[in-house]
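Enquirer: Structure here, sequence nowhere to be found:
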């Protein structure tokens, strides 16, 4: 089985500042990694995913993440955030058991 | 066109009632899921169906019964609702089992009073 730990439960950030959301995973098999975003009172939207290939993955809305196998991490970054990036962010991992396991989420609050 | 649609979006009901949440996907995917998001926003898989066959059944009370009439639909029926069932229930689908992007519906907010 695999699991995910999101190291920050809340991240306040000022508009136009950079943000990094940390995610570590554990698994005994090869994994696929995902970041989803949930805006208030809405469903989950895929930001980006790592399945194979380049370890630097670019997603929607200017987000990117880097897969680091040695550190078992998949941190999400954005160089300059907007007010509209205020949301809950979930890191997720899928392995050999066909399940998508989610982290506990990181609440990002962007302030002007 | 909504890829994964679920109804109702909001549902308030009394303890002891039986209710259903319907889900349909128009993506042609083989696999569908139900996830539960609790009050602390933690997401956990409940069920997974592949081509109408139950693949994953997590430790969910048997008051919860999924039904898949065809591979485009996965409904969730809940008997004898309890206060602790209050949550957001997400339907989702993916092209196949494993290693694929999972696409989520908008969620169904269930409140048991």
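Expert: In hand now; what should we look at? The model shown is predicted, which means the values in this text are computed figures rather than measured ones. Numbers count the residues shown, from 1 in each chain, chains lettered A, B, ... in the order given.
Enquirer: CA atoms for contacts and neighbours, from now on please.
Expert: Noted.
Enquirer: Now do the strands in chain A.
Expert: A:3-6, A:10-14, A:19-21, A:23-26, A:32-38, A:44-50, A:56-58, A:64-68, A:73-78, A:87-94, A:100-102, A:106-111 (DSSP state E).
Enquirer: Identify the residues contacting the fifth one?
Expert: When contacts are defined by C-alpha atoms under 8 Å, 6 or more residues apart in numbering or on different chains, strand A:32-38 is touched by residues A:44-52, A:74, A:76, A:87-95, B:99.
Enquirer: Flag every buried residue along the lowest-mean-pLDDT helix or strand in chain B.
Expert: Ranked by mean pLDDT, DSSP states H and E, the helix or strand of chain B with the weakest confidence is strand B:53-57, at a mean of 84. Within strand B:53-57, the residues scored as buried using 16 or more other C-alpha atoms under 10 Å in any protein chain shown are B:54, B:55, B:56.
Enquirer: Give the pairing partners of it; include direction for each.
Expert: Sheet pairing for strand B:53-57, assigned by DSSP bridges, gives strand B:43-50 (antiparallel).
Enquirer: Briefly note if stretch B:78-97 comes near chain A.
Expert: Yes: contact between stretch B:78-97 and chain A is present through B:90, B:97 (criterion: C-alpha under 8 Å from any C-alpha of the partner chain).
Enquirer: ends of that stretch, how far apart?
Expert: Stretch B:78-97 stretches 25 Å from its first residue to its last (C-alpha to C-alpha, to the nearest Å).
Enquirer: Distance from the chain centre to that stretch, please.
Expert: Taking C-alpha atoms, centre = their mean, to the nearest Å, the mean C-alpha location of stretch B:78-97 is offset from the chain mean by 4 Å.
Enquirer: And the average pLDDT for that stretch is what?
Expert: The predicted model assigns stretch B:78-97 a mean pLDDT of 93.
Enquirer: thinking again about what came up before, least confident of the strands of chain A, on average?
Expert: Among those, strand A:100-102 carries the lowest mean pLDDT (a mean of 88).
Enquirer: Since that was my last question, I'll sign off now.
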